[in-house]
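Participant: return a 3D structure for these sequence lines:
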Amino acid sequence: MKEINSSTVTEFILLGIPFLHDLHRVFFVVGLFMYLTTIMGNGFILVIVAIEPRLQTPMYIFLSNLAFLEICYTTAVVPKLLQTLIKTRTTICFLCCMIQGFFHFILGTTELFILTAMAFDRYLAICKPLQYPMIMTTHVCIQMSLATWYSSFIIIFFQSLVVWRLPFCGSNIVDHFYCDIGPVLSLACADTRLIESLGLLSSVLIIIMTLILTVVSYIFIITTILRIPSSAGRKKAFSTCTSHLIVVSILYGANIFMYVRPNVHSSSRLTRVVAILNTVLTPMLNPFIYTIRNSEVKEAIRSVIHKKRLLKEGF
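Facilitator: Numbering: from 1, shown residues only. The predicted structure follows:
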């Protein structure tokens, strides 16, 4: 490995979570369980939406996009995190590090766009119920879903190109459990202030603007719900929005703390704890948050079970 200042870095060393080292094996078991739960929970959403016609509506198309994204998002980061918990020296090749960082940010950006699209969908469904079927058709929903992926790719790709072209010729120790932008930029043998400024600007625009759009949508939604005369109607309307608001609160809180600040180089204990919340905990909770109180999903599950029973009895 080349670590001297005159050489070019060909691989990085991930420090992982050096504090609480005695508990690393426990964290590994818990992390592996959470990762497998994330894959199975989000995979369940994909399967149930695909096989149950009543769930093939715009709301669940967006939710399927979110579930697929969460599977990819955790897979980009968590396996390497688990490796840092059981190995004292975890390396990652230069290209692998760049690719990991690229996917981390493109998937994270797409998630914010999808959550904003879901908020707009709920706004139309609750505030414009008569126009909703004409506006939010399946075709429009698919186009919006694809637009979230296209726009994220364009935004992150060109910023990533700048980072990929930076010279790395000094230390190769990344003070994190994945190739986050701050710890990686701190290792570059070049002035990164312009890149940091552009990154901060894009973070503010993406995170804050999507948050504003989501909050405005929910202000209209809550105002409309409060006008519903029956308590049962208000309860039903709120139940379709509560889960989305929980996810939005957790995700935006973590992203604002990590990226909407001038000094992204800092990798304190709190930063890593918030990163774990963002990359491990939230993707695992999403399937439960969106399905455990969802009567439509419960009905779809009962329908699938009933169909299976009928097929067995038929044979």
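
Participant: so how far is residue 101 from residue 169?
Facilitator: Residue 169 sits 19 Å away from residue 101, going by Cβ to Cβ, to the nearest Å. C-betas here are computed from N, CA, C, even on glycine.

Participant: repeat that for residue 219.
Facilitator: From residue 219 to residue 101 the distance is 35 Å (Cβ to Cβ).

Participant: higher neighbour count, the two?
Facilitator: Using other Cβ atoms under 10 Å, the more surrounded residue of residue 219 and residue 101 is residue 101, with 22 against 11.

Participant: so how far is residue 162 from that one?
Facilitator: Applying Cβ to Cβ to residue 101 and residue 162 gives a distance of 12 Å.

Participant: between those two, which contacts overlap?
Facilitator: Jointly contacting residue 101 and residue 162 under the rule Cβ atoms under 8 Å, 6 or more residues apart in numbering is no residue at all.

Participant: got the CA coordinates for stretch 131-141 in CSV?
Facilitator: The C-alpha coordinates for stretch 131-141 follow below in CSV (Å, rounded to 0.1, in the frame of the first residue of the first chain):
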residue,chain,number,x,y,z
GLN,A,131,-59.4,16.1,-10.1
TYR,A,132,-57.0,13.5,-8.6
PRO,A,133,-57.8,10.6,-10.9
MET,A,134,-57.5,12.8,-14.0
ILE,A,135,-54.2,14.5,-12.8
MET,A,136,-52.4,11.6,-11.1
THR,A,137,-52.7,8.9,-13.7
THR,A,138,-50.5,5.9,-13.7
HIS,A,139,-48.6,7.3,-16.7
VAL,A,140,-48.0,10.6,-14.9
CYS,A,141,-46.9,8.7,-11.8
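
Participant: how far is it from where the chain is centred?
Facilitator: 25 Å (Cα atoms, centre = their mean, to the nearest Å).

Participant: give the buried residues for it.
Facilitator: Buried residues in stretch 131-141, counted by 16 or more other Cβ atoms under 10 Å: 132, 136, 141.

Participant: isn't the second one right next to residue 121, touching?
Facilitator: It stands for residue 136. Yes. Between residue 136 and residue 121 there is a contact at 6.0 Å, judged by Cβ atoms under 8 Å.

Participant: overlap in contacts of those two?
Facilitator: residue 58.

Participant: all the strands of the stretch 151-300 of the chain, in order from the start?
Facilitator: 173-174 (DSSP state E, counting those that start in this stretch).

Participant: where in this structure is the helix or strand with the lowest mean pLDDT?
Facilitator: Taking mean pLDDT, DSSP states H and E as the measure, the chain has helix 295-314 as its least confident helix or strand, at a mean of 67.

Participant: tell me where the protein has helices.
Facilitator: Ranges of helices in the chain, per DSSP state H, are 24-51, 58-86, 94-127, 132-135, 138-164, 181-185, 193-203, 209-226, 231-259, 269-276, 282-291, 295-314.

Participant: with distance to residue 13 added, can I get the ones you listed in a markdown table?
Facilitator: Shown next, in a markdown table, are the helices of the chain (distance: least, Cβ to Cβ, whole Å):
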| stretch | distance to residue 13 |
| --- | --- |
| helix 24-51 | 16 |
| helix 58-86 | 10 |
| helix 94-127 | 10 |
| helix 132-135 | 52 |
| helix 138-164 | 18 |
| helix 181-185 | 11 |
| helix 193-203 | 22 |
| helix 209-226 | 34 |
| helix 231-259 | 22 |
| helix 269-276 | 16 |
| helix 282-291 | 26 |
| helix 295-314 | 44 |
